[in-house]
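Peer 1: The sequence isn't on hand, but the structure is:
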């Protein structure tokens, strides 16, 4: 999905120059929006979803610093990435903005290559951060519905031979899929804890992992949206069983997968997305 970019600068010529530089990178941009100061930018953000804000610091009416402060104080805009584009050389001021949540800093003038590099680094950071959010959501789901805890990985974890793969997809402001691969034995323990039953069969095990994927997805999505107005359609979770030991090896060989230790049981998680606004796969 193409990026929608808001350029904030009091010089219309500079805004056009920045747009031209971005166009020279051949990056996939949906639309460019522009504002002459922070006040105008905040009004645009109230009505329009954007994926990235590029802002100058020294502007009339409202400076870039004050605009960033108000964005980060607003639940609807605090997660929108902001990159400062300025001639500002006050390192203390720049550090303060980075501490407040600004993602990076570009010094004017800059080249298309510099812009492309900084955006690639920005999305790489987002990938890692969102992967951590998924783990947080999974941890909360496990503790809430099954009284199980994620613990540090160690050499005593047992690699499952018989596995269950649960999968759930979401569409809306972001589109993606969460996959959880776990051993059949773990899924039976999960089912026992969820339903407080002793006589667990294979179908109960599959249902338990589907429920874990469903709850985890429901917890994950509100953590990564940029606006409380974002809504999603979530698919019915599905699960399939495999008795082939190679299933685990194939899944974890993917660099986008992440392994976790659930009280001695080894599970693997993968997040696949199709939206550049949530350009992340679990690492």
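Peer 2: Yep, that arrived. Quick caveat, the model's predicted, so the values are computed rather than measured.

Peer 1: Contacts for stretch 107-114, please.
Peer 2: 14, 21, 22, 24, 25, 85, 86, 87, 88, 89, 106 (CB atoms under 8 Å, 6 or more residues apart in numbering). (C-beta placed from N, C-alpha, C; glycine too.)

Peer 1: Could you point out which of the residues you listed is nearest to residue 64?
Peer 2: Each of the contacts of stretch 107-114 was checked against residue 64 using CB to CB; the closest is residue 86, at 7.1 Å.

Peer 1: Show the buried residues in the contacts of stretch 107-114.
Peer 2: 14, 21, 22, 25, 85, 86, 88, 106 (16 or more other CB atoms under 10 Å).

Peer 1: elements contacting the helix or strand hosting the fifth one?
Peer 2: To tie it back to what came earlier, the one meant is residue 85. Here residue 85 sits within strand 82-86, counting by DSSP states H and E. Packing partners of strand 82-86 (3 or more CB pairs under 8 Å, 6 or more residues apart in numbering; DSSP states H and E): strand 52-55, helix 64-73, strand 104-107, helix 112-146.

Peer 1: at 7 Å instead, please
Peer 2: With contacts taken as 3 or more CB pairs under 7 Å, 6 or more residues apart in numbering; DSSP states H and E, strand 82-86 sits against strand 52-55, helix 64-73, strand 104-107.

Peer 1: Tabulate those (CSV), appending mean pLDDT and distance to residue 206.
Peer 2: Below are the helices and strands packed on strand 82-86 laid out as CSV (pLDDT from 0 to 100; distance: least, CB to CB, whole Å):
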stretch, mean pLDDT, distance to residue 206
strand 52-55, 88, 41
helix 64-73, 86, 43
strand 104-107, 78, 44
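
Peer 1: Now do the strands in the protein.
Peer 2: 3-8, 29-35, 52-55, 82-86, 104-107, 150-151, 163-172, 176-183, 232-234, 238-242, 257-262, 265-273 (DSSP state E).

Peer 1: For these, which has the smallest mean pLDDT value?
Peer 2: Of all those, the minimum mean pLDDT falls on strand 104-107 (a mean of 78).

Peer 1: any idea how far the closest residue to residue 11 other than its chain neighbours is from residue 44?
Peer 2: Leaving aside its sequence neighbours, residue 11 sits nearest to residue 56 (CB to CB, 6 or more residues apart in numbering; 7.9 Å). The spacing between residue 56 and residue 44, counted by CB to CB, to the nearest Å, is 15 Å.

Peer 1: Have a look at these two and say which one is more surrounded.
Peer 2: residue 56 (25 against 15; other CB atoms under 10 Å).

Peer 1: Residue 113 versus the spatially closest residue to residue 112 that is not a sequence neighbour, what's the distance?
Peer 2: Taking CB to CB, 6+ apart, and ignoring the residues beside it in sequence, residue 112 has residue 24 as its nearest neighbour in space, at 4.2 Å. Using CB to CB, we find residue 24 at a distance of 9 Å from residue 113.

Peer 1: sorry, back to before: nearest to residue 99, of the contacts of stretch 107-114?
Peer 2: Nearest member of these to residue 99, counting by CB to CB, is residue 88, at 15.2 Å.

Peer 1: Name the helix or strand of this protein that has the lowest mean pLDDT.
Peer 2: Least confident helix or strand, the chain: helix 91-100 with a mean of 71, by mean pLDDT, DSSP states H and E.

Peer 1: Can you give the distance of that one from its chain's centre?
Peer 2: 24 Å (CA atoms, centre = their mean, to the nearest Å).

Peer 1: Run through who's touching it.
Peer 2: 65, 68, 69, 72, 84, 88, 105 (CB atoms under 7 Å, 6 or more residues apart in numbering).

Peer 1: redo that, cut-off 10 Å
Peer 2: 55, 57, 64-65, 68-69, 71-73, 82, 84, 86, 88, 90, 102-105, 107 (CB atoms under 10 Å, 6 or more residues apart in numbering).

Peer 1: ok, so of the buried ones among the contacts of stretch 107-114, who is nearest residue 78?
Peer 2: residue 85 (20.0 Å).

Peer 1: beta partners of the closest one?
Peer 2: Beta-bridge pairing of residue 85 under DSSP bridges involves residue 106.

Peer 1: pretty sure it contacts residue 58?
Peer 2: No. With contacts counted by CB atoms under 10 Å, residue 85 stays clear of residue 58, the gap being 11.6 Å.
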